[in-house]
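Participant: how would this look folded up:
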Amino acid sequence: MALALCVQDFHPFKNVTPVVVYVCMMGYNIAMSLGMAGIPSVIMSEIFPINIKGSAGSLTTIVRWFFAFLSSYTFNFMMQWSPAVLVPETNDRTLEEIQASLTYLPE
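Facilitator: As a prediction, this is how the structure comes out:
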């Protein structure tokens, strides 16, 4: 996917880039679902005693999905609030200039 995004500005790849990115994202989701995504459910079924397994498993699943939603939902707000997490251009700049650009607070 990174390669597709890097070459998207070249004319022959302009129309193919969205398809490649979509296929890569779906491939990742499918691989994650088949592999690592089931591990929390397996751990929940092993860690809780039999008398609270259903309630505790449901509660932990709700909490896990809530925090996944919360982190996804707030991502854009965090990027607007603090875009300094992006790597600024540092070519031909002194260390002091880079530090100043990272600590600049608009008024």
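Participant: what helix or strand is the residue nearest in space to the middle of the chain on?
Facilitator: Note on the chain: the residue nearest the mean C-alpha position is Ser72, at 7.5 Å, using C-alpha atoms, centre = their mean. With elements taken from DSSP states H and E, the one containing Ser72 is helix 53-81.
Participant: contact partners for the residue nearest to the centre of the chain?
Facilitator: Listed by C-beta atoms under 8 Å, 6 or more residues apart in numbering, the contact set of Ser72 is empty. Quick note: C-beta positions are derived from backbone N, CA and C, even for glycine.
Participant: where does it land on pLDDT?
Facilitator: If you check Ser72, the pLDDT there is 83.
Participant: residues contacting stretch 6-13, please?
Facilitator: By C-beta under 8 Å, 6+ apart, the residues outside stretch 6-13 that reach it are Ala4, Lys14, Thr17.
Participant: ok, the residues you listed vs Ile50, which is closest?
Facilitator: Of all these, Ala4 has the smallest distance to Ile50: 48.7 Å, by C-beta to C-beta.
Participant: now the closest one: how far from His11?
Facilitator: To His11, Ala4 is 14 Å away according to C-beta to C-beta, to the nearest Å.
Participant: the more surrounded of those two?
Facilitator: Higher neighbour count among Ala4 and His11: Ala4, with 17 against 6, using other C-beta atoms under 10 Å.
Participant: so who does the more buried one touch?
Facilitator: The contact partners of Ala4, by C-beta under 8 Å, 6+ apart, come to Phe13, Val16, Thr17, Val20, Val21, Cys24.
Participant: so how far is Tyr22 from it?
Facilitator: Distance, Ala4 to Tyr22, using C-beta to C-beta: 10 Å.
Participant: same check, this time on Ala56
Facilitator: In terms of C-beta to C-beta, Ala56 sits 37 Å off from Tyr22.
Participant: show me which of the two is the more surrounded one.
Facilitator: Shown here are Ala56 and Tyr22; by other C-beta under 10 Å, Ala56 has more neighbours (15 against 12).
Participant: so that one sits against Ile50, correct?
Facilitator: No. Assessed by C-beta atoms under 8 Å, Ala56 is found out of contact with Ile50, at 10.6 Å.
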